[in-house]
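Undergrad: take a look and give me a structure for this.
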Amino acid sequence: SRLKILSSYAPDKLEDINFLKETDKELNDNQAGLLIRKNDELTYLSPYFKISSFDKYLPAFETEGQRKGMDVKIEGNSFYYKQFDYYDEEKDKVSIFVFEYVNPLEEMIREFSPYFVFSLILGLIITNGILTYFISRSIIKPL
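TA: Sure thing, here's the model as predicted:
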């Protein structure tokens, strides 16, 4: 992502409030927002989020790199987030988070879709077995 590249080549850009607001506005159009944490202190929190205590739900800085595909529930709202951790020039721990709001219907579909697919396949197998049994029985009986 653009933020990941900037953290490597132009980390001072991540402290430019105008750049952060512009990037955040682009994310807001997709129901997402930006958070930046430096040494366990939030340095930027998207105004898109109306949650005041966001920092206590954030995962700790682990190792340099990107983690994605994480779900978290904060004050009744579900979010999907990506986290990118790195050390800046002063060896401070910096974490960039991109949080995306997840619609409750999407969350339910994501959670139950494997069960639905399994049930559908199982239903087809059972239907196939029953139909095969009755049709073969009706063919074999007259013989």
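Undergrad: give me the domain ranges for the chain.
TA: 2-102, 103-143 (automatic domain parsing).
Undergrad: list of residues touching stretch 34-46?
TA: By CB atoms under 8 Å, 6 or more residues apart in numbering, the residues outside stretch 34-46 that reach it are 3, 14-15, 17, 20, 23-24, 27-28, 33, 49, 54-55, 58, 61, 88, 92-99. Placement of C-beta: from N, CA and C, glycine included.
Undergrad: any quick ChimeraX command for the buried ones out of the residues you listed?
TA: To isolate the buried ones among the contacts of stretch 34-46 in ChimeraX, judged by 16 or more other CB atoms under 10 Å, type:
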select :3,14,20,23,24,27,28,33,49,54,58,61,93,94,95,96,97,98,99
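Undergrad: in strands, which of the contacts of stretch 34-46 appear?
TA: Gly33, Lys93, Val94, Ser95, Ile96, Phe97, Val98, Phe99 (DSSP state E).
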